[in-house]
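Student: the following block contains a protein sequence and its predicted model.
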Amino acid sequence: MPYPSKRLHFDNYVFNIYEEVYDPAEDSFLFAENFEVKEGEQVLDLGTGCGLLGILAAKKAERVVAVDFNPFAIRC
């Protein structure tokens, strides 16, 4: 596997992203800033990409499953 080529800072997190992985765009950030996860919920992050939404959901969710078809995304 190659080394991550980009670094994304969001909230208090740093994501190292491979160039083969979809970069979060305006829609991802809009969703990240406005979605609500309640304590104890279970979340499925389908097409996780770099994992931004799954990581944010894990702050409160009891369980988060993040999946992606892209093996580079899974590695992120």
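Tutor: Arrived safely.
Student: quick check: next helix or strand after the top helix by length along the chain?
Tutor: In the chain, assigned by DSSP state H, the helix with the most residues is helix 26-34. With elements assigned by DSSP states H and E, the helix or strand that comes after helix 26-34 is strand 42-46.
Student: next one: the very next helix or strand once past that following strand to chain centre, how far?
Tutor: Following strand 42-46 in sequence order, the next helix or strand is helix 52-57 (DSSP H and E). Taking CA atoms, centre = their mean, to the nearest Å, the mean C-alpha location of helix 52-57 is offset from the chain mean by 5 Å.
Student: shouldn't residue 73 be within a helix?
Tutor: Yes: per DSSP: H, G, I helix; E, B strand; the rest coil, residue 73 lies within a helix segment.
Student: contacts only, for it.
Tutor: Each residue near residue 73 by CB atoms under 8 Å, 6 or more residues apart in numbering is listed here: 18, 20-22, 48-51. Bear in mind the C-beta positions are built from the backbone N, C-alpha and C, glycine included.
Student: out of those, which end up buried?
Tutor: Among the contacts of residue 73, those classed as buried by 16 or more other CB atoms under 10 Å are 18, 21, 48-51.
Student: and the two most separated of those residues?
Tutor: Using CB to CB, the buried ones among the contacts of residue 73 reach their maximum pairwise distance at 18 and 48, which is 13.1 Å.
Student: point out where this structure drops to low pLDDT.
Tutor: Counting by pLDDT under 70, the chain has low-confidence residues at 1-2, 4.
Student: mind redoing it with 50?
Tutor: Within the chain, no range satisfies pLDDT under 50.
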